[in-house]
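A.B. asks: this one's structure only:
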């Protein structure tokens, strides 16, 4: 059996074999008691370390043009290149070969969400990713 990471939208229904759901978001879901994060399909573990900084998150949300999105993507990659973040990505990539788990964010459109960049960063590190 092949183990892998799934890249998901937090709050969506879980898929069979998804495993532990990790929320790579800056803030917890609003109005949801912490005791219900997992049961309501938000996440099992909060890991904001791989979320864009608050300032960068605002820039990403405001990106209306391809050029603005490209600037956001470059800045996010720069943030993820710091030693701590890089080691976190290396760890998740390595774990993907022996465990099923998922990482995600709230955004509806993955193409304009940091999770699309997270998918690429993990793939570049040799992570096994389920489409």
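C.D. replies: Yep, that arrived. Note that the structure is predicted; figures quoted are calculated from it, not measured. Numbering: from 1, shown residues only.

A.B. asks: Could I get the contacting residues of residue 79?
C.D. replies: The neighbours of residue 79, taking C-beta atoms under 8 Å, 6 or more residues apart in numbering as the test, are 52-53, 56, 85. Using the backbone N, CA and C atoms, a C-beta is placed for each residue, glycine as well.

A.B. asks: So among those residues, which ones count as buried?
C.D. replies: Buried members of those, counted by 16 or more other C-beta atoms under 10 Å: 52, 56, 85.

A.B. asks: CSV for the residues you listed, including distance to residue 68, secondary structure and pLDDT?
C.D. replies: Listed next are those as CSV, based on distance: C-beta to C-beta, whole Å; DSSP: H, G, I helix; E, B strand; the rest coil; pLDDT from 0 to 100:
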residue, distance to residue 68, secondary structure, pLDDT
52, 14, coil, 97
56, 12, helix, 96
85, 22, helix, 97
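
A.B. asks: Save the residues you listed as CSV, and put in distance to residue 72 too.
C.D. replies: Formatted as CSV, the buried ones among the contacts of residue 79 follow (distance: C-beta to C-beta, whole Å):
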residue, distance to residue 72
52, 8
56, 7
85, 16
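
A.B. asks: ok, so of these, who is nearest residue 104?
C.D. replies: Of all these, residue 104 sits closest to residue 52, with 13.9 Å by C-beta to C-beta.

A.B. asks: Kindly indicate whether the spatially most central residue of the chain is helix, strand or coil.
C.D. replies: Taking C-alpha atoms, centre = their mean, the centroid of the chain lies closest to residue 104, which sits 3.8 Å from it. Three-state assignment for residue 104 (DSSP: H, G, I helix; E, B strand; the rest coil): strand.

A.B. asks: swap in residue 6?
C.D. replies: From three-state DSSP, the assignment for residue 6 is strand.

A.B. asks: For residue 12, which non-adjacent residue is closest in space?
C.D. replies: Residue nearest to residue 12 in three dimensions, not counting chain neighbours: residue 41, with 6.4 Å by C-beta to C-beta, 6 or more residues apart in numbering.

A.B. asks: quick one: low-confidence ranges for the chain?
C.D. replies: 1 (pLDDT under 70).
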